[in-house]
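Chemist: Build me a structure from this.
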Amino acid sequence: MKTSFFLFLFAFQFSIFSQSINEQWVKEHYTKKEYTIAMRNGVKLFTAMYAPKDNKEKHPFLIIRKPYSCEPYGEDNF
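Modeler: Predicted coordinates:
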């Protein structure tokens, strides 16, 4: 019981002090481009791509598909 309580406090401490990401941080570290990508059936999907500005090393990538929107629109809006 005591051990689990201390593990909880240890994990909770890192969740409180985790990095907060806001619009300014994203603007400083990423470039945003917007494209329309044609699908096989001819439908064009709007796509927002965020690429890291730091090209000194390889970065993993993540693809997220949303059925409705990818707001905020505009390459200057993050």
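Chemist: Run through the residues that contact residue 76.
Modeler: Contacts for residue 76 (C-beta atoms under 8 Å, 6 or more residues apart in numbering) come out as residue 32. For every residue, glycine as well, the C-beta is placed using N, CA and C.
Chemist: Going by secondary structure, it is in what exactly?
Modeler: Assessed by DSSP states H and E, residue 76 sits outside every helix and strand.
Chemist: Excluding chain neighbours, what is closest to residue 38?
Modeler: Counting by C-beta to C-beta, 6 or more residues apart in numbering, the nearest residue to residue 38 once its immediate chain neighbours are dropped is residue 44, at 5.3 Å.
Chemist: Check whether residue 24 sits in a helix, strand or coil.
Modeler: On the three-state scheme (DSSP: H, G, I helix; E, B strand; the rest coil), residue 24 is labelled helix.
Chemist: Please list all residues in contact with it.
Modeler: Listed by C-beta under 8 Å, 6+ apart, residue 24 has no contact partners.
Chemist: all helices of this structure, in order?
Modeler: Using DSSP state H, the helices of the chain run over residues 2-16, 23-29.
Chemist: Could you work out the end-to-end span of stretch 54-63 for me?
Modeler: 19 Å (C-alpha to C-alpha, to the nearest Å).
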